[in-house]
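Peer 1: A structural model of the following input is requested.
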Amino acid sequence: MNISFDEFRRRIEFSMVSHIINEEEVRINCEGAVEAKVGVICVNPPHVSLLKKIIGNKKIDLSVNVGFPFGSHVTEAKVVEAKQGIKDGANQIDMVINVGALRSGKDNEVLEDIKAVVEASPGCLIKVIIEAWVLNENEKIRACRLVEESGAHLVKTTTGVKTQYIKQFCKCDDPKGATVEDIALFRRILSSHIRIKASGGVYTLEDAFEMIKAGADQLGVSKGIELIAEFKEKYKEGIEI
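Peer 2: Presented below is the predicted three-dimensional model:
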């Protein structure tokens, strides 16, 4: 597979989703992402309007987090977040599933939660975060199938947000974000039209290439600007991976 510089840029989704960042930090970092011509910039709901002004008429998609980072919001709250994000300028949604409901075997509750956001966001690309690092293989498979059944467009590995709760309730001695094994599993389970986003722990070009080879279409990263610059310096004419 040959990856050109332009294609690599388009695969990068630059994330500015920390809960402690201020508006000036959002502005500075997102201006850098716009200059680097990433494919997508993802921010928390309060920063969508600001990001819309920064992007202007540039061909960069704007994604808003919904139910972030735990997914334990009631469905009605997720719907409100999605609608407000779209009103403020977002054309993509990164929503977190109700992870606890999935682990409780309440698959229909998970499905209806996703479907409600899909239905509230016509014309938007819906990316569904299943928080794979706290799930066993059976739960990952069920989650992927529910995302596809819901009418959403993409499965995303994790939020990238680690808390003390992960080790408290799950058997995760060393919780990792995106893994090659998970990406390959998702690709086997999902229909070809459902895309995959590797997010969490993608820090180097080597990480990015491994995820793409395993089946990832998009890369959710906080170091997107640096990765794009490094790719341009090393592989301006593209690379066969």
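
Peer 1: Would you map the helices across the protein?
Peer 2: Taking DSSP state H as the test, the helices found in the chain are 5-11, 23-36, 48-55, 75-88, 99-103, 107-120, 137-150, 164-169, 180-189, 205-214, 224-235.

Peer 1: I'd like to check what contacts the third one. Which residues are they?
Peer 2: It stands for helix 48-55. 23, 26-27, 30-31, 34, 41, 43, 62, 64, 85, 88-90 (CB atoms under 8 Å, 6 or more residues apart in numbering). Bear in mind the C-beta positions are built from the backbone N, C-alpha and C, glycine included.

Peer 1: List the buried residues for it?
Peer 2: 48-51, 54-55 (16 or more other CB atoms under 10 Å).

Peer 1: go on, stretch 64-80?
Peer 2: Within stretch 64-80, the residues that count as buried by 16+ other CB under 10 Å are 64-69, 71, 73, 75, 78-79.

Peer 1: Can you show me the CA trace of it as CSV?
Peer 2: Extracted in CSV, the C-alpha atoms of stretch 64-80 (Å, rounded to 0.1, in the frame of the first residue of the first chain):
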residue,chain,number,x,y,z
VAL,A,64,-17.4,17.6,18.2
ASN,A,65,-17.3,15.2,21.2
VAL,A,66,-20.6,13.9,22.5
GLY,A,67,-21.0,12.0,25.8
PHE,A,68,-17.2,12.5,26.3
PRO,A,69,-15.3,10.9,27.9
PHE,A,70,-17.3,8.3,29.9
GLY,A,71,-20.4,7.8,27.7
SER,A,72,-22.5,7.5,30.8
HIS,A,73,-24.7,10.5,29.9
VAL,A,74,-28.4,9.9,29.4
THR,A,75,-29.3,9.6,25.7
GLU,A,76,-31.2,12.9,25.8
ALA,A,77,-28.1,14.8,26.9
LYS,A,78,-26.1,13.3,24.1
VAL,A,79,-28.7,14.3,21.6
VAL,A,80,-28.7,17.9,22.9
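
Peer 1: sorry, back to before: could the buried residues of stretch 64-80 go into a markdown table alongside pLDDT and distance to Ser15?
Peer 2: What follows is these, written out as a markdown table (pLDDT from 0 to 100; distance: CB to CB, whole Å):
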| residue | pLDDT | distance to Ser15 |
| --- | --- | --- |
| Val64 | 98 | 12 |
| Asn65 | 97 | 9 |
| Val66 | 98 | 14 |
| Gly67 | 98 | 16 |
| Phe68 | 96 | 11 |
| Pro69 | 94 | 11 |
| Gly71 | 96 | 17 |
| His73 | 96 | 19 |
| Thr75 | 98 | 24 |
| Lys78 | 98 | 19 |
| Val79 | 98 | 23 |
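
Peer 1: before we move on, back to that, which one of the contacts of helix 48-55 has the most neighbours?
Peer 2: Among the contacts of helix 48-55, Val64 has the most neighbours (other CB atoms under 10 Å), with 29 neighbours.

Peer 1: right, and that one touches Lys87 too?
Peer 2: No: the pair Val64 / Lys87 is not scored as a contact, 10.2 Å apart, by CB atoms under 8 Å.

Peer 1: any idea what sits nearest Val155, other than its immediate chain neighbours?
Peer 2: What sits nearest to Val155 in space, not counting adjacent residues and going by CB to CB, 6 or more residues apart in numbering, is Val147, at 5.0 Å.

Peer 1: what's the burial count for that neighbour?
Peer 2: Neighbour tally, Val147, other CB under 10 Å: 29.

Peer 1: So it is in contact with Lys127, correct?
Peer 2: No: applying CB under 8 Å as the test, Val147 and Lys127 come out as separate, 9.2 Å apart.
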